[in-house]
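Enquirer: Sequence and computational prediction follow.
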Amino acid sequence: MLKISVSKSFNGKKIIEKAEFRAEKGDFVCIVGESGSGKTTLLRMVAGLESYEGEITFRGEKIDRKSIGFVFQDDRLLPWRTALENVLFGLELRGEEESISKARKVLELVGLKGFEDHYPSQLSGGQRQRVGIARALAIDPEILLMDEPFASLDELTREKMQEELNQIWNREKKTVLFVTHSIDEAIFLGTKVVVLTGIPSKVRGVIDISLKKRIRTSDEFIEYKKRVFELLSPQSMF
Ligand SMILES: Nc1ncnc2c1ncn2[C@@H]1O[C@H](COP(=O)(O)OP(=O)(O)OP(=O)(O)O)[C@@H](O)[C@H]1O
Ligand SMILES: [Mg+2]
């Protein structure tokens with residue numbers, strides 16, 4: 001289990017006030033909250049890239065950085081490396097043969113078979129995001145952190161990527177923390193939605209999602225949307 005109970009200040013200004021939530025193994029936790037509520041900072045703290053007050057533990061222990069895969073909002077691919085070479089980046093300390101076959105396998109998993117030798121400039125935005133996801137999956141992380149990975153994609157590509165990510169997660173059952181501004185995306189993907197509100201931000205509520213079917217127009221889906229929106233909305237009045 002991943003346990004988070006943290007506060008964070010920058011230059012004496014508190015931005016997160018005792019944010020607390022948990023993720024069981026295989027949970028897909030979506031974090032929503034207005035801009036500036038500390039979502040990226042929270043992921044960076046879990047990844048060990050940012051200091052914090054409080055505790056973050058995985059199976060009762062401090063998190064080992066090696067067990068973390070991070071997918072950034074901007075794809076952060078190296079432009080001078082091909083898709084395959086970008087995926088190999090995180091694997092470079094392993095044996096070469098093993099790494100190349102692993103990198104090919106994850107590229108296939110994200111639907112990029114045949115694009116291994118393309119440079120980022122030769123890929124579409126959605127394909128670049130897939131390389132970013134493949135790179136994070138390649139190291140076989142126990143915890144996958146994703147910071148608005150689909151924010152820059154058009155609606156249709158975004159929905160397609162959500163479907164694919166859902167399938168990958170169903171297969172791999174990683175523990176995922178996924179930041180998004182889209183309530184729809186959070187409910188479609190999440191087993192839990194954590195709502196952050198206020199300044200400094202607190203966890204306003206955690207909603208467990210259990211959809212019979214992943215259909216965005218269904219009554220149960222819309223009911224969840226209302227619940228998330230209600231938790232978010234008092235703050236959005238200002
Ligand atoms: N390195 C830093 N130094 C000082 N303040 C910072 C730093 N990083 C973030 N902040 C501040 O912390 C707050 C939270 O930032 P963060 O990037 O975590 O927000 P966010 O929820 O990810 O926002 P968005 O939805 O716009 O991406 C903001 O007010 C930001 O200005
Ligand atoms: Mg952010």
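Expert: Nice, I can see it. Ligands and ions are numbered 1, 2, ... in the order given.
Enquirer: does the residue nearest to the spatial centre of the chain sit in a helix, a strand or a coil?
Expert: When CA atoms, centre = their mean is applied to the chain, the residue found nearest the centroid is residue 146 (2.0 Å). Recorded secondary structure, residue 146: strand (DSSP: H, G, I helix; E, B strand; the rest coil).
Enquirer: For residue 76, give me its contacts.
Expert: The contact partners of residue 76, by CB atoms under 8 Å, 6 or more residues apart in numbering, come to residue 132. All C-beta atoms are positioned from the backbone trio N, CA, C, and that covers glycine.
Enquirer: rerun that using 10 Å as the cut-off
Expert: Residues near residue 76 by CB atoms under 10 Å, 6 or more residues apart in numbering: 70, 86, 120, 128, 132, 135.
Enquirer: hang on, the earlier thing: kindly state the beta-bridge partners for the residue nearest to the centre of the chain.
Expert: residue 71, residue 178 (DSSP bridges).
Enquirer: same question, residue 194
Expert: As for beta bridges, residue 194 partners with residue 31, residue 206 under DSSP bridges.
Enquirer: where's it relative to residue 39, distance?
Expert: According to CB to CB, to the nearest Å, residue 194 stands 9 Å off from residue 39.
Enquirer: who has more neighbours, these two?
Expert: residue 194 (27 against 24; other CB atoms under 10 Å).
Enquirer: and the closest residue in space to residue 172 that isn't next to it in sequence, which of the three is it?
Expert: In this structure, residue 172 finds its nearest non-sequential neighbour in residue 137, 7.2 Å apart by CB to CB, 6 or more residues apart in numbering. Assigned by three-state DSSP, the conformation of residue 137 is helix.
Enquirer: How about the contacts made by residue 137?
Expert: Contacts for residue 137 were tallied using CB under 10 Å, 6+ apart; they are 69, 71, 87, 90, 102, 105-107, 109-110, 144, 168, 172, 174.
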